[in-house]
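1. here are the coordinates; sequence isn't available:
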């Protein structure tokens, strides 16, 4: 795997970790009835999920650039 692809995979994993933390925060606030804070953390978690998806896509592109497609 190229160094570029590996770095994108690491970034994606990091974003997934951040998203999970914000989902935990959202759940805790929701349990306490603090719906505004829950919504905020859910929204931030979604942003991290989108960043993770982007980094995963970039990793796939880097892999194809280095190794070619299977067409």
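-> Received the coordinates, thanks. Note that the structure is predicted; figures quoted are calculated from it, not measured.
2. measure the spatially most central residue of the chain to residue 68 for me?
-> Of all residues in the chain, the one closest to the mean position by Cα atoms, centre = their mean is residue 52, 2.7 Å from it. In this structure, residue 52 and residue 68 are 25 Å apart, going by Cβ to Cβ, to the nearest Å. To be clear about C-beta, it is placed using only N, CA and C from the backbone, and glycine gets the same treatment.
3. In the protein, what residue spans correspond to helices?
-> Shown for the chain, the helices assigned by DSSP state H span residues 3-31, 35-67.
4. would JSON lines of these with mean pLDDT be doable?
-> Supplementary listing: those in JSON lines, determined by pLDDT from 0 to 100:
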{"stretch": "helix 3-31", "mean pLDDT": "97"}
{"stretch": "helix 35-67", "mean pLDDT": "96"}
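5. hmm, back to that, who's in contact with the residue nearest to the centre of the chain?
-> Taking Cβ atoms under 8 Å, 6 or more residues apart in numbering as the criterion, residue 52 is in contact with 11-13, 15-16, 19.
6. State the pair within the residues you listed that is farthest apart.
-> By the measure Cβ to Cβ, 11 and 19 form the most distant pair in those, at 12.6 Å.
7. of those two, who's got more company?
-> Between residue 11 and residue 19, counted using other Cβ atoms under 10 Å, residue 19 has the larger neighbour count: 21 against 17.
8. Right, I'll call it a day here.
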